[in-house]
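> for reference, the sequence and a predicted model appear below.
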Amino acid sequence: MTPKPRWHSAAIQDLEAGHKWYEEREPGLGGDLARELDSVVKQTWGRPLIQKKYQHPQLPAEPWVRKVQLKRFSEYGLIYTVVNDTFWIVAVAHAKRRPGYWIDRLDGLPNL
């Protein structure tokens, strides 16, 4: 069974903040970020194990966490895990802002 994608509420806020930031700089750019992220989610959702495990000293051993770097918006990465056939989008993380800020979100996922 293909895991069903679900967004952590804070990951939605991450995306909204990035969207707003880009829109303020150039109208339409925030939409480009959202479209690229949507494409990455669709590609990754079908084959979530293809990405390498994300390494961070504060991460627990389980659940495994993986990261997909966006191409055009390369400073952003999609942080996700799969728990009980659910594809969880944990964060839309900026690479240079508060590394690992999203780790506590793993504690709030159901069925861990």
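It's in.
> what is the end-to-end distance of stretch 20-34?
Taking Cα to Cα, to the nearest Å, the first and last residues of stretch 20-34 lie 11 Å apart.
> what residues sit buried inside it?
In terms of neighbour count (16 or more other Cβ atoms under 10 Å), stretch 20-34 has its buried residues at 22, 29, 30, 33, 34. Every C-beta, even on glycine, is put in place using the N, C-alpha and C of the backbone.
> likewise for stretch 94-103?
Going by 16+ other Cβ under 10 Å, stretch 94-103 has these buried residues: 94, 102, 103.
> checking the nearest residue to the second one once chain neighbours are set aside next. Helix, strand or coil?
In space, residue 102 comes closest to residue 91 once its chain neighbours are excluded; the distance is 3.6 Å by Cβ to Cβ, 6 or more residues apart in numbering. The local conformation at residue 91, judged by DSSP: H, G, I helix; E, B strand; the rest coil, is strand.
> thinking again about what came up before, just send the buried residues of stretch 20-34 back as a markdown table, with distance to residue 60, pLDDT and secondary structure too.
Compiled in a markdown table, those are given as follows (distance: Cβ to Cβ, whole Å; pLDDT from 0 to 100; DSSP: H, G, I helix; E, B strand; the rest coil):
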| residue | distance to residue 60 | pLDDT | secondary structure |
| --- | --- | --- | --- |
| 22 | 32 | 97 | helix |
| 29 | 35 | 97 | helix |
| 30 | 33 | 97 | helix |
| 33 | 29 | 98 | helix |
| 34 | 30 | 97 | helix |
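> about what we covered before: spit out the contact partners of the residue nearest to residue 102.
8, 10, 11, 14, 78, 79, 101, 102, 105 (Cβ atoms under 8 Å, 6 or more residues apart in numbering).
> what ranges of this structure fall below the confidence cut-off?
1-3, 62, 111-112 (pLDDT under 70).
> buried subset of the contacts of residue 91 as a PyMOL selection?
Filtering the contacts of residue 91 down to the buried ones (16+ other Cβ under 10 Å) takes a single PyMOL command:
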select buried, resi 8+11+14+78+79+102+105
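> can you flag which of the contacts of residue 91 belong to strands?
Among the contacts of residue 91, the members falling in strands (DSSP state E) are 78, 79.
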